[in-house]
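Engineer: I'd like to go over a predicted model; first the sequence, then the structure.
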Amino acid sequence: MTINQKNQQFCLGIESTADDFSVGIADFNGEILANTSSAYIPETGGIHPREAARHHAQAAPAVLQEALTQAKIKPADLTAIAFAQGPGLGPCLRTGATVARALASYIDKPLVGVNHSVAHIEIGKLQTHAKDPLTLYASGGNTMVTAYASGRYRVFGETLDIALGNCLDVFAREAGLKHKKGLPLGAAVEQLAAKGKQLVPLPYVVKGMDLSLSGLLTAASTALQKGAFSLEDVCFSLQENAFSMVTEVTERALAHTEKREVLLTGGVAANKRLQAMLASIAAEHDANFTVVPQQYATDNGAMIAWTGVLAYTYGLTVPVAESFVKLRWRVDKVDVPWVKQP
Amino acid sequence: MGEAAMKTLIKKGAEASLYLADWHGKRVVIKARLPKSYRPKQLDQTIRRYRTVHEPQLMHEAKRAGVATPTVFLVDVENGEITMEYIQGKQIKQLLDAASPTERCRLCVEVGGLIGALHSHGLVHGDLTTSNMILTDEGRIFFVDFGLGDRSGELEAQGVDLHLFRRALQSTHFQVADECFHAVLKGYGAARGADAAAAVLEKIREIEKRGRYVAERQQEA
C-alpha cells in the first residue's frame, strides 16, 4: 500500500524506564524513521535512579531534536506522542513522562501510554516478521517467557528473583569489570566466557517454567573470590548455567504452547551463546527462531513509537491528567487488541 | 521385533519424550530424557542423571502420601529412561475450562487436597500444572512428571510449589484462574489443617512480592 505523503502519519515514542533516554519515530506503516538515545553510565555500581533521571532530563532536548532531524519532520507533523508508562524506575519513568506530556500539550496531540515489555515484543515482531511467537524477553530488568492468548501476552515463565541481565551485570561488577561506552558489562562477560574452558559446579535452579538466578549469582561470585578458578572459567560457567536454565524454561513453554516461532528480544538478546542455545531448541521443535536486531534489542524509543502506533490505532490514548507512571505494570495486565488470534 | 520398534511417540516434551510401548504384554509409557545439545555435556549428564534417579523415588513416595502416580517398572539411568504404567484418562488441562462451575470447583478442591497430602509428607512436586494431572475414567486423579520434584518440608519449597501452580492456572486457564486457585486452597487447607495452610498462604504472598513487577507491592509503596 502506498501512502500519499500528505496522509502519512507519525508517532514519536519516548523510552526512559531505566538507564537509557531514547526517542524514536515510527510511521503508521511500521517504518522506523528515527531511533536515537543517550545512555547514563554510572561511575561506579549500578543504576542510581535519581542520577539516571537527572541524566535523562539533561539529555532530553538534544535527543528529541536529533530524532526529529533524523526523521526529517517537524513536531506539528506528529499524530501522537507515546511514552513508556511502565514498568521501570520511578524517577526515570517520571522524567520521560514529563517530556511526553509537555510535548503532547504543546502541539496538542494525543498521548499514548505504552507498556515497556509489550513494546519489546512488538518491535521484535515488526523487525523479524514473526507473527505469533513465543517470546523470551531478557534484559537487565526483565526475564520472561510470554506468548499471546485471548487478548493479552501471557507470562508462561519468569524469574522468581533477579533478571538475567542483572545477574550478569552484578557479577561483572563484583569481578571488577567496568562499563565502557560501546561495551556493556554483559558483552564483557560474554567475551571472557568465550575463553573459558572448565565448567565450575554452580547451582541450576529451574522451578516449573520459572527460574531463580540469585543463588547462581552468589555462588559464581563466591567461586571467583575463592580464587580456585580463573575469571574466564567462572564467566563461562555462569553463562552456561544461566542460559541453560533460561533455555530449558523456554523449551518447556514452547512444548506447552506449541507455538511455531521463537523470538528473542531485550538487551541480553545480543549474546551469541544465548542465541545459539535458543536456536537449538527451536529447531528441535520445528519452530522458526528469530532475534531482534541489535539496535532494537536494548531499550529504545522506536519500540515505544511503534507500539504507540498500534495502541493509537485502537483508540488507546490517555488524558494527560491520568497519565501516571506505573512502576510495576506487568505485561499480562495489558490488553493488546491489535494482536489477532492466529 | 525389538521393543524399540514398537515405540510410538506420544508427546515430545521439553526435557523428555514420552513413548507408548508394549512391555511384556503391558501398555507402558517410556519417558526418555534425551541429551540436550545446547548445554555442556557435563552439565547435561548431571541434570539428566539426577532427574532420572529422583523422579521414580518421588513417584513412589507420593503413593505413600496417598497421591496416585504411575507405577514404575524399570529405570535405566545410563540412558535416562523410565518405564512406567500407562494411565488412561484425560489431562485436567483439557477438562478445566469446559467443566461446569461445580465440577471445576470439585476437581480443584481435590487437586488442592492431593497437593496438601504431598506437602504433609515432605514432598514438593516442582512442576504443578494442569497438564501434569490426569483424571482417569474411574474418577481418580493421578499426578505425573515429578522430574523437578524434591524431598523438602520447608515452607519456602511448599510456597513456591503452590505459587507455580497459581501461575500455571493464570497463564493457561486465565478466565477461571482465580476461582480455581481459591478452590485449590480450600482443598489444601482441608488436607493440611488451618494453621499449616495459613502459614503456606502467608509464604506465597511473600514469594509473590519478590517477583519483579507485582501489583501487591505497589499498594504498599
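Structural biologist: Perfect, I can see it now.
Engineer: Only C-alpha atoms from now on, for both contacts and neighbour counts.
Structural biologist: Fine.
Engineer: what sits against B:Ala183?
Structural biologist: Neighbouring residues of B:Ala183 by C-alpha atoms under 8 Å, 6 or more residues apart in numbering or on different chains: B:105-106, B:108-109, B:112.
Engineer: which other residues reach stretch A:172-182?
Structural biologist: Defining contact as C-alpha under 8 Å, 6+ apart, one finds that stretch A:172-182 is touched by A:41, A:45, A:185-186, A:188-189, A:221, A:224, A:231.
Engineer: how about it: buried residues?
Structural biologist: For stretch A:172-182, the neighbour count (16 or more other C-alpha atoms under 10 Å in any protein chain shown) marks A:172-175, A:177-179 as buried.
Engineer: Same question for stretch B:74-88.
Structural biologist: Neighbour counts over stretch B:74-88 (16+ other C-alpha under 10 Å) mark B:75, B:80-87 as buried.
Engineer: who's in contact with it?
Structural biologist: Counting by C-alpha under 8 Å, 6+ apart, B:20, B:27-34, B:48-49, B:52-53, B:56, B:70-73, B:134, B:136-137, B:142 sit against stretch B:74-88.
Engineer: hey, C-alpha coordinates of stretch B:147-158 in CSV?
Structural biologist: Listed in CSV are the C-alpha atoms of stretch B:147-158, where the atom choice follows Å, rounded to 0.1, in the frame of the first residue of the first chain:
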residue,chain,number,x,y,z
GLY,B,147,11.2,-34.6,37.4
LEU,B,148,11.6,-31.3,39.1
GLY,B,149,10.3,-32.5,42.5
ASP,B,150,12.1,-32.6,45.7
ARG,B,151,12.1,-34.0,49.2
SER,B,152,11.5,-30.9,51.3
GLY,B,153,9.3,-30.0,54.2
GLU,B,154,10.4,-26.4,54.0
LEU,B,155,7.7,-23.7,53.9
GLU,B,156,9.6,-22.0,51.2
ALA,B,157,9.5,-25.0,48.9
GLN,B,158,5.8,-25.5,49.6
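Engineer: re earlier: pull out the buried residues from the contacts of stretch A:172-182.
Structural biologist: Buried, going by 16+ other C-alpha under 10 Å: A:41, A:185-186, A:188-189, A:221, A:224, A:231, out of these.
Engineer: Now, the contacts of B:Ala183 that are in helices?
Structural biologist: Among the contacts of B:Ala183, DSSP state H puts B:105-106, B:108-109, B:112 in helices.
Engineer: Show me the domain layout of the chain.
Structural biologist: Because you didn't say which chain, this covers chain A. Domain segmentation of chain A under automatic domain parsing yields A:5-120+A:298-333, A:131-296.
Engineer: Actually, chain B is the one I wanted.
Structural biologist: Taken from automatic domain parsing, chain B resolves into B:3-85, B:89-220.
Engineer: can you give me the mean pLDDT across the last one?
Structural biologist: On average, the pLDDT along domain B:89-220 is 91.
Engineer: Specify which member of the buried residues of stretch B:74-88 is nearest to chain A.
Structural biologist: Nearest to chain A among those, counting by C-alpha to the nearest C-alpha, is B:Gly80 at 16.9 Å.
Engineer: Ramachandran angles for that closest one?
Structural biologist: The phi/psi pair for B:Gly80 (degrees, to the nearest 10) reads phi 70, psi 40.
Engineer: nearest residue to it other than its sequence neighbours?
Structural biologist: Computed as C-alpha to C-alpha, 6 or more residues apart in numbering or on different chains, the closest residue to B:Gly80 that is not its neighbour in sequence is B:Arg33, at 5.1 Å.
Engineer: Now for that neighbour, how many residues are close by?
Structural biologist: Counted with other C-alpha atoms under 10 Å in any protein chain shown, residues neighbouring B:Arg33 total 22.
Engineer: about what we covered before: give me the subset of the buried ones among the contacts of stretch A:172-182 that lies in helices.
Structural biologist: Judged by DSSP H, helices contain the following of the buried ones among the contacts of stretch A:172-182: A:185-186, A:188-189, A:221, A:224, A:231.
Engineer: could I get these as TSV with distance to chain B and pLDDT?
Structural biologist: What follows is those, written out as TSV (distance: C-alpha to the nearest C-alpha, whole Å; pLDDT from 0 to 100):
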residue	distance to chain B	pLDDT
A:Leu185	21	92
A:Gly186	19	93
A:Ala188	21	95
A:Val189	18	97
A:Ser221	19	97
A:Leu224	19	95
A:Leu231	18	97
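Engineer: Give me every residue in the stretch 101-250 of chain A lying close to chain B.
Structural biologist: The stretch 101-250 of chain A comes close to chain B at residues A:141-142, A:154-156, A:159-162, A:199, A:206-210, A:240, A:244, A:248, as judged by C-alpha under 8 Å from any C-alpha of the partner chain.
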